[in-house]
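Trainee: Got a sequence here, can you build the structure:
(chains A and B)
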Amino acid sequence: MSNKNRISGHQVEDNKNMANRRAILSSIALFISIFFVALLLGRNISHDIETSVYSYRLFSRGYLQSTNALFDTQRLLERYLRTQTYGDLEKAYIRAQSGKGLFLAFLNEYKRSLRPGIEENFADQHRTLALFSEVITEIEQGLDILEEEMVFEPTRVSHIIERIGDLNELVLAQEAKAWFDRALSFDSVQKKVVSNRQLLVILCIFLFFAMIALGYFILKRRKLEQEVESNRLRLLNSHRMLALGEFSASVAHEVNNPLSIILWRLNIVFKELAGIDEDSKLKKNLDSIKVQSQRIDKIIKGIKLLSQNSNNLDNEYFCLNKVLESLEDVICNKADLYNIKLKIEPMNQPVVMFGKPVQLVQVFTNLLNNSIDAIHDKSERWIHIEPFAENGMVEIKITDSGHGIPKEDQREIFNLFYSSKKTEGTGIGLGLSAQMVKSFGGSLNYNHRHPNTQFILRLPYSEFHLPKFHEQEARREKESLNNS
Amino acid sequence: MKGIFTILLALVFISNANARVPRQKIHLVGNYDKSIKSSFKVDFLNKYKLKKIKIRDPYQDNNFYEFEGLSLADIFNYFGPKAKSLDVVAINLYKINFKRNHPRAKKTFFVFKENGKFINVDKMGPMRIVRDYQGIIKDTDLALEGVEWVWMIKELRFE
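Mentor: So this is what the prediction gives:
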């Protein structure tokens, strides 16, 4: 049994450690996952902004470099018109090529900076490139003409200059449109940044509250685990007490048989010594044996009464007055042991109830035992029981010389498994008593207004039970006569 | 027969077009080796010991290209043996400066042939700078890395 307890104790400890580990791991996992979400969001935002800003500037640079090349080409062609030298036309040709090359290179770089999945329409840009090629081809044709030592007509050069002017306007118009589009998308990126920042703040707040909630639940869980562990120990104790009760009942039964014989034989001896001198030593010794034997009989009856499993008994009509009288037999020995003055007031009228009298005896015994345990080491030691019946309700006040129950314990005393006795109590006494009283339709309360420790037990009764009780007793007497 | 003749003619025309040397000349300025002519077309460089490198071109969709040209170290050795630095000027007057002891002088190449063909001006020629780097250059790194990748070189100014 003890080994088993030790093993189960270890298991409980292991479970606690495992639960703590799990709680810590889950909180770390929660923290890391939120941290990574925030990090990814942050990275995404910053990457988006960086690439957007860079690519917008890059694209604009491409347009401006191209228009610069076109202006330069125009200038060189105009110079060619004045100088008519091959070199100027060739320079114009190279500059036009460079304009196309720059436009193409920056366009490719811009396309590269777009995030995967984003499609943009580059039809205008491709049309521009085609126009670039046409202009370059026309200048190249001029170069070929000059290489063949023919005349490249000035009207054709002027026509090329005009075409370059048109192309330049087109490129600048595209640059303006692209800048407008970029401004719009940059604005949307900025709005996205703001909303993502708000999301991050919300996530942080959520994380903060989640950590608090987690901490709260971990503490709550620990408290519950402690309660479960303490209840488990009390349950074990109550099982031990139950086993002890059963053992006591069997011992009481075994003692009762020889005791009955002793009392019977004593009666015979008293009859045979009817004429003996009352003051003789023999008579006095026999009287003493009889008194002590009757005391043993009372103790045995008390044990038998308390150790009965009340759940297996049938309901019956019983007199509350007799229950209170029987209390003296059950508890007087313990009260005498500690020199406690036990006073049970008689009922103001006969009260008959229907139920299990043993349960009421157990309730009273429990209350009185608690009182004795509480006051046995005090200088003033008394217990007072005052019943009073009126209008179908009996109110029984059980008061002892104690100074009340501490305020923090008052709410807990009727909870099952609660005990203020650190190591001795099972905690099921008052809780079970309250439940038993409830099964009678009554109530058991602690009176915190009384200067001493006082419990008030209220039980309903009916006057119609009295004749039924008499009928029951008559029937029982008749049965007992028949049996004998 | 007529069809075959036409195709052959077209092929000859195309190969001639590819073989055509870009018109843009490279000009040498400053403290260069005066025994070399100051302006030349890129085919002039064929007389030097050229190197071939195969890299992914970040400006052409990261596709593999085989470039041919001279390293920065070779450019200093052949054209400016006494020069301490070099300004590379592009057609659009974009300029970048290289020191003789540039840490990546042997990895930086002045190339003028792409897959065996001259690079025209509208394809970032006639000469451009690339870096011998195996792998793909990240978008975030290209902004700074690309600063030295001069396109459309027209002038080498030695100091």
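Trainee: Apart from its neighbours in sequence, what residue is nearest residue A:436?
Mentor: residue A:359 (4.7 Å; Cβ to Cβ, 6 or more residues apart in numbering or on different chains). C-beta coordinates here come from the backbone N, C-alpha and C atoms, glycine included.
Trainee: tell me the contacts of residue A:138?
Mentor: Residue A:138 makes contacts with A:156, A:160, A:163, as judged by Cβ atoms under 8 Å, 6 or more residues apart in numbering or on different chains.
Trainee: again with residue A:286
Mentor: Residue A:286 is in contact with A:266, A:269, A:270, A:273, counting by Cβ under 8 Å, 6+ apart.
Trainee: now it: how far from chain B?
Mentor: 115 Å (Cβ to the nearest Cβ, to the nearest Å).
Trainee: repeat for residue A:146
Mentor: For residue A:146 relative to chain B (Cβ to the nearest Cβ), the value is 12 Å.
Trainee: Same list, the contacts of residue A:286, but as CSV with pLDDT and secondary structure please.
Mentor: Shown next, in CSV, are those (pLDDT from 0 to 100; DSSP: H, G, I helix; E, B strand; the rest coil):
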residue, pLDDT, secondary structure
A:266, 87, helix
A:269, 88, helix
A:270, 85, helix
A:273, 82, coil
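Trainee: Chain B: strands as residue ranges?
Mentor: Taking DSSP state E as the criterion, chain B carries its strands at B:26-30, B:39-40, B:51-57, B:63-71, B:85-90, B:95-99, B:108-114, B:117-118, B:128-131, B:153-158.
Trainee: With chain A instead?
Mentor: With DSSP E, the ranges of strands along chain A come out as A:316-319, A:341-344, A:352-355, A:382-390, A:393-400, A:443-446, A:453-460.
Trainee: looking at the ones you listed, which is closest to residue A:135?
Mentor: Residue A:135 sits nearest to strand A:443-446 of all the strands of chain A, at 106.6 Å, using Cβ to Cβ.
Trainee: Counting neighbours, what do you get for residue B:45?
Mentor: For residue B:45, the number of neighbouring residues by other Cβ atoms under 10 Å in any protein chain shown comes to 23.
Trainee: Quick check: closest non-adjacent residue to it.
Mentor: residue B:112 (6.2 Å).
Trainee: Neighbours of the one you found, how many?
Mentor: Counted with other Cβ under 10 Å, residue B:112 comes out at 27.
Trainee: Distance of it relative to residue A:69?
Mentor: 20 Å (Cβ to Cβ, to the nearest Å).
Trainee: Could you tell me the end-to-end distance of stretch A:415-430?
Mentor: Using Cα to Cα, to the nearest Å, the end-to-end distance of stretch A:415-430 comes to 8 Å.
Trainee: Mean confidence (pLDDT) on it, please.
Mentor: What stretch A:415-430 shows for mean pLDDT is 57.
Trainee: Could you do stretch A:248-263 as well?
Mentor: 83.
Trainee: same check, this time on stretch B:67-86
Mentor: On average, stretch B:67-86 scores 96.
Trainee: And for stretch A:343-355?
Mentor: Here stretch A:343-355 scores 87 as its mean pLDDT.
Trainee: List the residues that contact residue A:253.
Mentor: Contacts of residue A:253 by Cβ under 8 Å, 6+ apart are residue A:304.
Trainee: what's the distance between the residue nearest to residue A:436 and residue A:433?
Mentor: Going from residue A:359 to residue A:433 by Cβ to Cβ gives 9 Å.
Trainee: give me every residue that touches whatever residue of the stretch 1-150 of chain A ends up closest to chain B.
Mentor: Here the stretch 1-150 of chain A gets closest to chain B at one residue, residue A:97, 3.6 Å apart by Cβ to the nearest Cβ. When contacts are counted by Cβ under 8 Å, 6+ apart, residue A:97 touches A:136, B:24, B:120, B:121, B:122.
Trainee: Looks like the last one contacts residue A:135 (just checking).
Mentor: No - no contact is recorded between residue B:122 and residue A:135 when judged using Cβ atoms under 8 Å, the distance being 11.3 Å.
Trainee: Kindly write the PyMOL command that selects the buried subset of the contacts of residue A:286.
Mentor: To isolate the buried ones among those in PyMOL, judged by 16 or more other Cβ atoms under 10 Å in any protein chain shown, type:
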select buried, chain A and resi 266
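Trainee: Just want the most central residue of the chain.
Mentor: Using chain A here. Residue closest to the mean C-alpha point of chain A, counted by Cα atoms, centre = their mean, is residue A:217 at 4.6 Å.
Trainee: please go with chain B instead
Mentor: Within chain B, and using Cα atoms, centre = their mean, the residue nearest to the centre is residue B:111, at 2.6 Å.
Trainee: list the contacts for the nearest residue to that one once chain neighbours are set aside?
Mentor: Counting by Cβ to Cβ, 6+ apart, residue B:111 lies nearest to residue B:69, which is 3.4 Å off, once chain neighbours are set aside. Taking Cβ under 8 Å, 6+ apart as the criterion, residue B:69 is in contact with B:45, B:50, B:51, B:109, B:110, B:111, B:112, B:113, B:127.
Trainee: Where does the stretch 351-484 of chain A get nearest to chain B, residue-wise?
Mentor: Relative to chain B, the nearest point of the stretch 351-484 of chain A is residue A:408 (65.3 Å; Cβ to the nearest Cβ).
Trainee: That residue: neighbour count?
Mentor: As a burial measure, residue A:408 scores 7 neighbours (other Cβ under 10 Å).
Trainee: per-residue confidence at it?
Mentor: 77.
Trainee: Same check on residue A:210?
Mentor: pLDDT, residue A:210: 86.
Trainee: And it, how far from chain B?
Mentor: As judged by Cβ to the nearest Cβ, residue A:210 and chain B stand 34 Å apart.
Trainee: my guess is that residue contacts residue A:30, does it?
Mentor: Yes - contact status for residue A:210 versus residue A:30: in contact at 6.3 Å, counting by Cβ under 8 Å.
Trainee: so what's residue A:324 scoring on pLDDT?
Mentor: Looking at residue A:324, its pLDDT is 85.
Trainee: Also residue A:358?
Mentor: 81.
Trainee: what does the one 4 residues further on give?
Mentor: pLDDT recorded at residue A:362 is 82.
Trainee: same check, this time on residue B:116
Mentor: pLDDT recorded at residue B:116 is 94.
Trainee: For the residue of chain B found nearest chain A, which non-adjacent residue is closest in space?
Mentor: The minimum distance from chain B to chain A, using Cβ to the nearest Cβ, falls at residue B:121 (3.6 Å). Nearest residue to residue B:121 in three dimensions, chain neighbours excluded: residue A:97, at 3.6 Å (Cβ to Cβ, 6+ apart).
Trainee: is the residue nearest to the centre of chain B in a bridge, and if so with what?
Mentor: Applying DSSP bridges to residue B:111 gives these bridge partners: residue B:69, residue B:128.
Trainee: give the contact list for it.
Mentor: Taking Cβ under 8 Å, 6+ apart, we find residue B:111 in contact with B:53, B:67, B:68, B:69, B:119, B:127, B:128, B:129, B:130.
Trainee: Walk me through the domains of chain A.
Mentor: Domains of chain A are assigned by automatic domain parsing as A:12-225, A:315-483.
Trainee: Distance from the last one to the middle of the chain?
Mentor: Here the centre of domain A:315-483 is set off from its chain's centre by 39 Å, with Cα atoms, centre = their mean, to the nearest Å.
Trainee: So for residue A:443, what's the nearest residue that isn't a sequence neighbour?
Mentor: Once flanking residues are discounted, residue A:443 sits nearest to residue A:458: 5.0 Å by Cβ to Cβ, 6+ apart.
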